[in-house]
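*Asks:* Got a sequence here, can you build the structure:
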Amino acid sequence: MKHKMSILFYTKGTKTSKDGLVPIYLRVTVDGTRVEFSTSKFIEISKWNSVANKMKGTSEESRLINSHLDILKNKVYDIEKFIIQHDLEYTATTFKNKFLGLEEENRMLIEIFENHNNQMKLLVGKEFAENTYKRYITSLSHTKEFLLYKYKKKDMPVSKIDLAFINDYDFYLRHKRNCNNNSTIKYIRNFGKIVKQCYANGWIEKDPFLNYRGKVKQNERTYLSQEEIQNLIDKEFKIARLSLVRDIFVFSCFTGLAYVDVKNLTKSHISYGIDGEKWIFTHRQKTENASNIPILPMTQMIIDKYQNHPECINKEKLLPVLSNQKMNAYLKEVADLCKIEKELTFHIARHTFATTVTLSNGVPIESVSKMLGHKDLRTTQHYAKVLDRKVSDDMKILKDKFNLGDSRIKNA
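*Replies:* Reported below is the predicted structural model:
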């Protein structure tokens, strides 16, 4: 990448000394960014040649000062040569630090990324979910592989990260790693968090993500219909573990809670709400947003069913929830036995609550958003978009009104 550097000597009339002399300054401009240095030399303003950027005449004073300015100019060119030869960051700040003899700490990308992940690991279960930590581990692995692929390096200074680097990384994830659009954007965002921290700490001069354009595409959310929910509820399982998994899944269908939030529930999370009825009062682990949900009859039936379960008694848990891996594995068996053709995962229960259980039954989207613990109503609106049946029902009411008007016209 080519860089533009210029040198200028000039006098500062605003800093005239008591003797009426003005100081001479050196200005170095790198790619439009200026840094200035005092030359520690003073002259009479009338003796300065602003066109030649040096002192006029051939006097002893003139020869000494101009010689000093030439030495400073050569120093700047030597610094430029050193920066290029050592593959350092070519910026005005680098010139300034080298000129003043200030040593810059070489902040390395992978080292910073690893330190971030080590700190995150210590906060798993407190501020971060286990899966969030695992995503950053995977993102770090992809970043290491990209550096080896593109630059043949195991690490590099964060100062080298620019928009071209990000776009190349984006292409690498799509082309070499065969990541789909959403996976690519999520890995780039994980990487972006590290880079933005470097920018916030002043380790890089500007945010390279400022002009990056990457957008997650909203996938159609899978959810169960009323008939499929009823099939789940009515099904009698001979295997206890499948019955348990079905019950926990249905519990989520009627509360909208994600797996980790169901697993974390204790009896203390149940209290009486503003209406005098039982509610679940909790906070989403993912966002820490409050998620307060009235307990529906089906929800209460499941709570009552497991209140004397050993795990619920010994660990004070509301429900005896299995590991997420086991839940999703057993849900596939549950789906087969209930003749549900959709690929059943635990998170589908949350989608089902938002669509089939609440929005389809006329619960206002603002109330649904609050129960789901969403930060933004736009997140909830993604569920509303898939409700073609709800749109059809709403439009039928409008259609009936028009039909009524047509009949009045005909009978007039």
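*Asks:* what about the helix or strand hosting residue 143, distance to the chain center?
*Replies:* Per DSSP states H and E, residue 143 falls inside helix 130-151. Chain-centre distance of helix 130-151: 15 Å, with CA atoms, centre = their mean, to the nearest Å.
*Asks:* ok, then the element right after that helix?
*Replies:* As assigned by DSSP H and E, the chain's next helix or strand after helix 130-151 is helix 163-175.
*Asks:* Report all helices and strands that that next one contacts.
*Replies:* helix 130-151, helix 181-200 (3 or more CB pairs under 8 Å, 6 or more residues apart in numbering; DSSP states H and E). Placement of C-beta: from N, CA and C, glycine included.
*Asks:* of all the ones you listed, which lies closest to residue 16?
*Replies:* helix 181-200 (39.7 Å; CB to CB).
*Asks:* can you give me the angle that closest one makes with helix 130-151?
*Replies:* If you take axes from the mean of the first three to the mean of the last three CA atoms, to 10 degrees, helix 181-200 sits at 80 degrees to helix 130-151.
*Asks:* Buried residues of whichever helix or strand comes after helix 181-200, list them for me.
*Replies:* Beyond helix 181-200 on the C-terminal side, the first helix or strand identified by DSSP H and E is helix 226-234. For helix 226-234, burial by neighbour count (16 or more other CB atoms under 10 Å) applies to 228-229, 231-232.
*Asks:* Dump the helix holding residue 143 to PDB, keeping only the CA atoms.
*Replies:* Presented in PDB, the C-alpha positions along helix 130-151 are these (Å, rounded to 0.1, in the frame of the first residue of the first chain):
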ATOM      1  CA  GLU A 130     -21.100 -21.600  27.800                       C
ATOM      2  CA  ASN A 131     -22.100 -21.600  24.100                       C
ATOM      3  CA  THR A 132     -21.100 -17.900  23.800                       C
ATOM      4  CA  TYR A 133     -17.600 -18.700  25.100                       C
ATOM      5  CA  LYS A 134     -17.400 -21.700  22.700                       C
ATOM      6  CA  ARG A 135     -18.300 -19.400  19.700                       C
ATOM      7  CA  TYR A 136     -15.400 -17.100  20.600                       C
ATOM      8  CA  ILE A 137     -13.100 -20.100  20.800                       C
ATOM      9  CA  THR A 138     -14.200 -21.200  17.300                       C
ATOM     10  CA  SER A 139     -13.800 -17.600  16.100                       C
ATOM     11  CA  LEU A 140     -10.200 -17.500  17.400                       C
ATOM     12  CA  SER A 141      -9.500 -20.700  15.600                       C
ATOM     13  CA  HIS A 142     -10.800 -19.300  12.300                       C
ATOM     14  CA  THR A 143      -8.700 -16.200  12.800                       C
ATOM     15  CA  LYS A 144      -5.500 -18.100  13.400                       C
ATOM     16  CA  GLU A 145      -6.200 -20.200  10.300                       C
ATOM     17  CA  PHE A 146      -6.900 -17.100   8.200                       C
ATOM     18  CA  LEU A 147      -3.600 -15.500   9.300                       C
ATOM     19  CA  LEU A 148      -1.600 -18.600   8.200                       C
ATOM     20  CA  TYR A 149      -3.600 -18.800   4.900                       C
ATOM     21  CA  LYS A 150      -3.400 -15.200   3.900                       C
ATOM     22  CA  TYR A 151      -0.200 -13.800   5.600                       C
END
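*Asks:* Before I go, just wanted to say thanks for your time.
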